[in-house]
Every structure is written in C-alpha cells, then in structure tokens.
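> the following comprises the amino acid sequence and a computationally predicted model.
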Amino acid sequence: MAIYSFWIFDRHLGNCIFDREWTLKSNQSSGTTNSKLNEDTAKLLYGMVFSLRSISQKLSGEGSHNEIRTISTGKYRAHILCTASGLWFVLLSDLKQEDLSHVLRYLYSEIYVKTVVHNWFSPVDFAESDSEKRGQGFRKIRNRNFLASVERFLGPMVN
Amino acid sequence: MAIQTILVINKSGGLVYQRDFIKTGAKLSSNEYLILAGTLQGVVAIASQVTPKALQISAKTGSKTANEPSQLIPYVGSLGAPAQNLSDMGSFMGQDFFNESFPSWNQSGLKHVTTDQLSMFLYQTLTGLKFVAISTQSTTNAMAVSIAENLLRKAYCLYADYVMKNPFHDPEMPIKCELFDTHLAELVGQL
Amino acid sequence: MSANSASISASSAGPKKSLKTFGDDIWKNKTAKINAELFTLTYGSIVSQLCTDFERDFKKVNSQLYAMGYNIGVRLIEDFLARTALPRCDSLAQTSEVISKCAFKIFLNVTPQVGNWSNNKDAFSLFLDENPLSDFVELPMDAAKELWYSNILCGVLRGALEMVQMDCDVWFVNDVLRGGQSTEMRVKLNRIMKDEIPAGED
C-alpha cells in the first residue's frame, strides 16, 4: 500500500481545512501537516475535483446522484468521499489501490466525527468571516486527538 | 463494459466529435459537451501539477529506470470480448490494428475518472489529440483500464485512416466523416 | 553511433526491439502496398502539371510542393503514431533514427542514411540511396538548375515534426537528378515548442 497524502475540504468554496502529506515513500513519519506550502496544491486539487464532480453530476441519469469516486493519472489515484454536509475527503495513493472508499468512510465516521464533531471545543465551521466563507479560509484542524488518530490509522498504510 | 459515449477533443481543447452509443444515457446539449471538452482539457494539465511530492522526489533522484514511469499498456486482443475482428481495418493489415503492448504518452496527466454510475477514460496522443470514452461500468480494475486504452488506441487508428486521409476534412474542425462513424460504431459494438 | 541497433527504451520487461526490426515488421505485415509505377507516374504527373500551371517558375513549384507536403505531413503523423505508438524521442539523434528506420521504411520502403551532423548536434542530413518518387525521371535543362523534384518530402517532414512540437527546417542540399553525387535532405531543429507539448507528459 502506498498512500501519498490526505486532504479535507470544507463546504465554503474549497477551503482546505486539513492536509497531511507523506513526502518520502515508505516513511510514515516524513512529510508535512497543514503546511503553508501546500496551499497552491490544495487549490489545484480542489479545482480538479470540483470540475470533474460537476461533469459527473451533469452526466448522471434521471433523478439519481452521480457522485465522483476516483481520479487517476498514470502516476497516482485520488479517492474522494463527498459528504452530504459538503465536506470532501481526498486521499492520494498509488495506482495499485483500486478502491479506498472504506478507508475514507472510516476517516469520516470514526475519526472526524468522533474527534472533531463530537468535541464541543473544536469548531466544525472553520470559516469565521465573510471572506473566509468565500474560499479564503485559512483555519485548519489542529485538534490533537484528530491528528493522532489520523497518524495511527493512515501511518501503517504509507508503506 | 458498455460504452455510452465517445468524444474526440483537439489539441486546443475544442470538441471535434461526440457520439452517443446508448440511447438511454444522460442527454447533454451540444453546448454542455463543448464545456465538458474544455474542462477536460484543463483538468488534464492540472492533474499533472497535483502529482504527490513523494513521486516528484523519487523521480528527481535519478530513478528514470524505475518500473513506474515506463510501464506498458498490455495488448488486449478483441478487446477482451469473444467477438470477431472488424471486417475492414482500412490501411491496417494483419489480424488487428496492432498486436503488442505499447507505452502511454500520457504519464502524469488525467487518464481515468470513476463515479457512482460511470467511468471516463482519456487517451492523449503525442500530437495533443484526446480520445475520451464514457462507459456505464464504474470500475478501477486494471483489466478494464487496459481494455479501454486499447479501445481508444484503435479509435485513434480509425481516426488516422478515415479522418486524416479524407482530403475534405479540415484539421481541427468538427469531424463529419460517415466512414469514421460507421467504423467506430462497429469497434464499439465489439465490446 | 551504430546505425543498426538504436533500441526503443520503452519496455520495463520483455525484449528490446530495434527500430530497424520494428520498421521492417510494420512494412512487411501491416501496410497495404501499391504498384510502384503507378506511384511514380502519379507523382510525376503532379510535378509536371505544377510546372505547366506556374509557367515553369520553378521557385513557385518548389514552394507549392513544400506546401502540399506540409499538409500531408500534419495528417500522416497521426497515422504514424496510431500505427507505431512510439514514445517521444529523447534527442534529435533518436528522432533521426526513428525518421530513417521507421517513418521512411513504413511509408516509402527506403532507409536513408543519417549523417553529416552539425557541430552542436542540431542538424543532420538524410542520404537517400534510392528515391521511389523519381524512378525513371530526367529533368529538363531549365528545371535541372532550380527544381527540387522531391521537395514534397521536405514539406512532409516539416509538417509531421511540427505536430510533435519540433520546429524544424527541412530542405534539399543535393539531388542526383540535378547532377549531384547523392540525394541529400537536411533537417535542422530550430526549437522544441515547449508550450505546446500536451499536458501530462513528463
């Protein structure tokens, strides 16, 4: 298994509220968390997912939802979970991983919901001003439990 | 795997060909298809920019001979279905258009998207031409991806014959060649 | 550089096929053939009609042949790529090998020699020992001073290379029809059109 990075985008026009990138293959303690350098990459990733998501919704059959699942290139695959609340969980992996939707669902229901949503001291809406609501947000999930749980769960998958 | 639509996008991102093979699929207006083509053109480029750092770093540290960059797409005869070969392959002689595995020209750009209901495969040539197939089966299975790549390369062979060799076809303009239509329908029908 | 063993370094597994074998195989088994005389006569009639139409202004005939070749080249490259699926060439040297051993072999069944490299390796010559376009042709006195009979080939190369983002100049240096020792085409790479390279290639 090789996981390269994990991103969470919120519903306010693609603010990236969490990113974790493993920059050295097979080294689960390498890489960055919520790094400022990843801002541009985050915006590009959001744009790509947004465009392909709107295409897939246009292509859906009558009445049913056609939610995007994966985006692959010759080098990596992005697995996507879009929740009804507007959150997007994106996981970049190598091409051998064909379907990581169960990983994403675990990250959402067991990790995010338990450590962020159920924790009253942690915001669920990371945008506080109007400009942040329009895509210029910068606040990230810094919740220790969340970070630790993500490391424990995804760390072993980096190799 | 059933193919719902085939699109051909020229190197500037303009849609030059669009054909639905399944009548009950989603109906987009021609304008929406044009927008789709332009969007795909942009996303192909963005996808290569978003390549994870771990891959960029290993590419730089001289692993040019590593397995990943030079992977070949395996040849899938008869596109995996038991049907016979095409009756008339134009200028291509022999059993099939080609019979060996081949490298992909599109290493780091967008190749494949899956959604709940469909898969979209994109094959980009060295000249910037893009062939897109939308199928009704949502799958990331490696075999299905190979079948789709083979199908799109065969569509490229048909393009090289029936569109490029048609003296009345304007390059970069929408394709209006009946022979291309007929042969493409036959190719897709093989699946 | 050895002329017959340039390999395609595309496979991570399996035998490496030389370009020469690759080109030969496609010529023998995968392309339809036509009668050589018909081909020579057809081309000859085009050139002679152009000479009449332009009232023997051979500069104009040369340009027209070049323009026709260019239009052929931009279309022929798609056929070549669809048929061979060769990866992008790393260097001009590799390009010259592919042109000589695959392209000329597949379309004309000749393998011109590559040689006469410039000092900074940005130009080379193709020496055609045989030229199927000009079998049995003898140029009249006035044409022998100005006309490049096979100029269509220069246009084809220019058009095809432009479609794979290589801006090249191609011209005839020498032609046996004009009394020269050999038939020599020169190809010079001006620049690689980096901004037109399709997104997604490394």
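Yep, that arrived. What you see is a predicted model; the values in this text were computed from it and never measured.
> per-residue pLDDT, C:I8?
C:I8 carries a pLDDT value of 43.
> which element, helix or strand, includes A:K25?
Assigned by DSSP states H and E, A:K25 belongs to neither a helix nor a strand.
> name the nearest residue to it, ignoring sequence neighbours.
The shortest distance from A:K25 to any residue that is not its chain neighbour, by C-beta to C-beta, 6 or more residues apart in numbering or on different chains, is 5.0 Å, and that residue is B:A54. To be clear about C-beta, it is placed using only N, CA and C from the backbone, and glycine gets the same treatment.
> wait, A:G74 sits on B:S104?
Yes - because the distance of 5.8 Å satisfies C-beta atoms under 8 Å, A:G74 is recorded as touching B:S104.
> overlap of the contact sets of the two?
Listed contacts common to A:G74 and B:S104 are B:71, B:111; contacts here mean C-beta atoms under 8 Å, 6 or more residues apart in numbering or on different chains.
> and these two? Which one has more around it.
Residue environment comparison for A:G74 versus B:S104 gives the larger neighbour count to A:G74, 24 against 21, counting by other C-beta atoms under 10 Å in any protein chain shown.
> for the more buried one, list the residues it contacts.
If a contact means C-beta under 8 Å, 6+ apart, then A:G74 has A:95, B:71, B:104, B:106-109, B:111, C:200 as its contacts.
> same thing but 7 Å
B:104, B:106-108, B:111 (C-beta atoms under 7 Å, 6 or more residues apart in numbering or on different chains).
> for these, which one is nearest B:T39?
Distances from these to B:T39 were compared by C-beta to C-beta; the smallest belongs to B:K111, at 15.6 Å.
> need the nearest residue in space to residue 67, chain neighbours excluded.
Here I'm looking at chain A. Using C-beta to C-beta, 6+ apart, the nearest residue to A:E67 is B:D116, at 5.1 Å.
> not quite, go with chain C.
Counting by C-beta to C-beta, 6+ apart, C:A67 lies nearest to C:G155, which is 6.4 Å off, once chain neighbours are set aside.
> of all the residues in chain A, which one is nearest chain C?
For chain A, the nearest residue to chain C under the criterion C-beta to the nearest C-beta is A:T73, separated by 7.1 Å.
> now do the strands in chain A.
A:3-9, A:16-21, A:32-33, A:68-73, A:77-82, A:88-93 (DSSP state E).
> what packs against the last one?
Using 3 or more C-beta pairs under 7 Å, 6 or more residues apart in numbering or on different chains; DSSP states H and E as the contact criterion, the elements in contact with strand A:88-93 are strand A:3-9, helix A:39-58, strand A:77-82, helix A:101-106.
> ok, the shortest one next?
Strand A:32-33 is packed against no helix or strand, with contacts defined by 3+ C-beta pairs under 7 Å, 6+ apart.
> partner strands of that strand, parallel or antiparallel?
strand A:16-21 (antiparallel) (DSSP bridges).
> now the strand it pairs with - C-alpha only, CSV.
Taking C-alpha atoms only, strand A:16-21 is exported to CSV below (Å, rounded to 0.1, in the frame of the first residue of the first chain):
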residue,chain,number,x,y,z
CYS,A,16,-8.7,23.2,2.8
ILE,A,17,-9.1,22.5,6.5
PHE,A,18,-6.6,19.7,6.7
ASP,A,19,-3.8,18.3,4.7
ARG,A,20,-1.2,15.7,5.5
GLU,A,21,1.4,14.7,3.0
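> now the residue nearest to the spatial centre of chain C: which helix or strand?
Residue closest to the average C-alpha location in chain C (C-alpha atoms, centre = their mean): C:L157, at 4.7 Å. With the criterion set as DSSP H and E, the secondary-structure element containing C:L157 is helix C:151-163.
> for the closest residue in space to B:V132 that isn't next to it in sequence, what is the enclosing helix or strand?
Of all residues not flanking B:V132 in the chain, B:L7 sits nearest, at 4.1 Å (C-beta to C-beta, 6+ apart). When elements are defined using DSSP H and E, B:L7 is found to belong to strand B:3-9.
> tally of neighbours for the residue of chain B found nearest chain C?
Per C-beta to the nearest C-beta, the residue of chain B with the smallest distance to chain C is B:G109, at 1.8 Å. The number of residues packed around B:G109, counting by other C-beta under 10 Å, is 26.
> confidence score at it?
B:G109 is assigned a pLDDT of 89 by the prediction.
> spit out the contact partners of the residue nearest to the centre of chain C.
C:L157 makes contacts with C:73, C:170, C:187, as judged by C-beta under 7 Å, 6+ apart.
> pLDDT weak spots in chain B?
Residues of chain B meeting the criterion pLDDT under 70: B:25, B:62-70, B:79-87.
> could you pull out the helices for it?
B:30-49, B:53-60, B:142-158, B:178-189 (DSSP state H).
> the closest residue to chain B within chain A: neighbour count?
Scanning chain A for proximity to chain B using C-beta to the nearest C-beta identifies A:Y4 as nearest, at 3.5 Å. For A:Y4, the count of nearby residues is 23 (other C-beta under 10 Å).
> my guess is it meets A:L92, correct?
Yes - at 4.4 Å, A:Y4 and A:L92 qualify as touching, with contact defined as C-beta atoms under 7 Å.
> overlap in contacts, those two.
With C-beta under 7 Å, 6+ apart as the test, A:Y4 and A:L92 both reach A:76, B:52.
> need the per-residue pLDDT for residue 131.
Went with chain A since none was named. Looking at A:S131, its pLDDT is 77.
> hmm, I had chain C in mind actually
With respect to pLDDT, C:N131 has a value of 93.
> list the contacts of it.
Going by C-beta under 7 Å, 6+ apart, C:N131 touches C:150, C:183.
> now do the one 5 residues further on
Taking C-beta under 7 Å, 6+ apart as the criterion, C:F136 is in contact with C:T40.
> save the helices of chain B as TSV, and put in mean neighbour count too.
Supplementary listing: the helices of chain B in TSV, determined by neighbours: other C-beta atoms under 10 Å in any protein chain shown:
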stretch	mean neighbour count
helix B:30-49	18
helix B:53-60	17
helix B:142-158	21
helix B:178-189	17
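> what's the weakest-modelled helix or strand in chain A?
Each helix and strand of chain A was given a mean pLDDT (mean pLDDT, DSSP states H and E); the minimum falls on helix A:130-131 at a mean of 76.
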